[in-house]
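**Q** I would like to see how this sequence folds:
(2 chains)
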There are 2 protein chains.
Amino acid sequence: MTPHPNRITLTTPSWFRHRVAALPECISSPEDRMRLVLEFARTNVEHDTGGPFAAGVFEIGTGRVVAFGVNRVVPSGCSSAHAEIMALSLAQKRLGTYDLGRRDLPPHELVINWRPCAMCFGAVLWSGIRCLSIAGSGQELEELTGFDEGPIHPGWKSELARRGIEMQEGVLREEAVDLFRWFRSSGRLVYNARQG
Amino acid sequence: MTPHPNRITLTTPSWFRHRVAALPECISSPEDRMRLVLEFARTNVEHDTGGPFAAGVFEIGTGRVVAFGVNRVVPSGCSSAHAEIMALSLAQKRLGTYDLGRRDLPPHELVINWRPCAMCFGAVLWSGIRCLSIAGSGQELEELTGFDEGPIHPGWKSELARRGIEMQEGVLREEAVDLFRWFRSSGRLVYNARQG
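**A** Next up is the predicted model:
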């Protein structure tokens, strides 16, 4: 074996950097924010830089863009490099804090193109975001992509509420399902530990 | 705001690097593996380089050391930098794969000093490990440290089994609880999103 590594580095793809640089400072409508997340998810697959999942962190009132992230599991060789972990970690790096809910900061929203998996549900809770906006939840994701969402807590919605995290569901749901249909029709594979 | 970052970097502390370099190649007994994990967790607090949590990835048969990790949330400014995420990601980097359960690799075990939180439970499932060894589970962690474990799935043990992950519980349980007692008596604070 090589020596014990002491550094984990996760990066964004080069197309992503160009796209992020061209974004407006604020995206005011919830639909426009989700539309961008869906665009990032699709472009990630088209460029073969990860799975069909993206996430964005925004300031709640203004819609100011804080950070985007895309799934990077396979290219990074890291099973935790889900879109939510990428976006939340990049947002925390940009703001210089592990707590996006810090009292002196404006409240933040995480926008993602489906219900988070079991791991990312936990990551959402620890991140300090105050609103979770998802296109949908339900069987469509697992059925169309073969991806395993894992055992998320059955009371996940009330667990969010109990921790003061508002949830907005159903933003561009049909467009999100269409993306998964397109992904399936392209014959691509989502990494799935259950098959391992 | 600063420009959108495009890189997440998580590192191990310098004491950690020295300690890892001095480890034997293999640690054959489960108790010795847990004793090391407890040592890393305690040293992490003593050096003020993170919370009282550590994790180690080992080859199951030989006990060969693949990677260790310690909690790095506060020093890294990253709420996902839990010990399990660090150890699993470093192990995956060392082996050059996002799947520690890949067929051409020996099976791997993750050793941690308490039941994983909601996020890390998901990370365990996606990592490809085949055995989870914990000192214990139960209220002691939350009561003694104030740390929020989050809404882990109520059927988490059977969910592990269903995915072919064996679990070993109760390895040096008293020593693990003693570590949390010592942590509390030192007056230190665990970052807790619930209080944010």
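**Q** can you count the residues close to A:Ser79?
**A** 29 (other CB atoms under 10 Å in any protein chain shown). Placement of C-beta: from N, CA and C, glycine included.
**Q** just A:Gln168 next, same as before
**A** Residues within reach of A:Gln168, counting by other CB under 10 Å, total 14.
**Q** thinking it is in contact with A:Ile134, fair?
**A** Yes: here A:Gln168 reaches A:Ile134: they are 7.3 Å apart, a contact under CB atoms under 8 Å.
**Q** Dump the C-alpha coordinates for the helix or strand bottoming out on mean pLDDT in chain A into CSV.
**A** In chain A, no helix or strand scores lower on mean pLDDT, DSSP states H and E than helix A:140-145, which sits at a mean of 86. Output in CSV follows, covering the C-alpha atoms of helix A:140-145 (Å, rounded to 0.1, in the frame of the first residue of the first chain):
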residue,chain,number,x,y,z
GLU,A,140,-39.3,7.6,-8.9
LEU,A,141,-35.6,8.3,-8.1
GLU,A,142,-34.9,4.7,-7.1
GLU,A,143,-37.0,3.2,-9.8
LEU,A,144,-35.6,5.2,-12.6
THR,A,145,-31.9,5.4,-11.7
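**Q** got the CA positions of the lengthiest helix in chain A in CSV?
**A** Identified as the longest helix of chain A according to DSSP state H is helix A:30-46. Output of helix A:30-46 as CSV, limited to C-alpha atoms (Å, rounded to 0.1, in the frame of the first residue of the first chain):
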residue,chain,number,x,y,z
PRO,A,30,-37.6,29.2,-6.2
GLU,A,31,-38.3,27.7,-9.6
ASP,A,32,-35.3,29.5,-11.2
ARG,A,33,-33.1,28.2,-8.4
MET,A,34,-34.3,24.6,-8.9
ARG,A,35,-34.0,25.1,-12.7
LEU,A,36,-30.3,25.9,-12.2
VAL,A,37,-29.8,22.9,-9.9
LEU,A,38,-31.4,20.6,-12.6
GLU,A,39,-29.1,22.2,-15.2
PHE,A,40,-26.1,21.4,-13.1
ALA,A,41,-27.2,17.8,-12.5
ARG,A,42,-27.8,17.2,-16.2
THR,A,43,-24.5,18.9,-17.3
ASN,A,44,-22.6,16.8,-14.7
VAL,A,45,-23.8,13.6,-16.5
GLU,A,46,-23.3,15.0,-20.0
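**Q** quick check, it touching chain B?
**A** No: figure legend: helix A:30-46 not in contact with chain B (CB under 8 Å from any CB of the partner chain); closest approach 12.5 Å.
**Q** any chance you could map the helices in chain A?
**A** For chain A, helices defined by DSSP H occupy the ranges A:14-21, A:30-46, A:73-76, A:83-95, A:118-127, A:140-145, A:156-162, A:173-185.
**Q** Could you identify which of these is most buried?
**A** helix A:118-127 (a mean of 28; mean count of other CB atoms under 10 Å in any protein chain shown).
**Q** got the contact list for the longest helix of chain A?
**A** Helix A:30-46 has contacts (CB atoms under 8 Å, 6 or more residues apart in numbering or on different chains) with A:13, A:15-16, A:19, A:23, A:27, A:50-56, A:58, A:63, A:68, A:70-71, A:83, A:109, A:111-113, A:133, A:135, A:168, A:171-172, A:175-176, A:179, A:182-183, A:186, A:188.
**Q** pretty sure A:Val171 contacts A:Leu132?
**A** No: at 10.9 Å, A:Val171 does not count as touching A:Leu132 under the criterion of CB under 8 Å.
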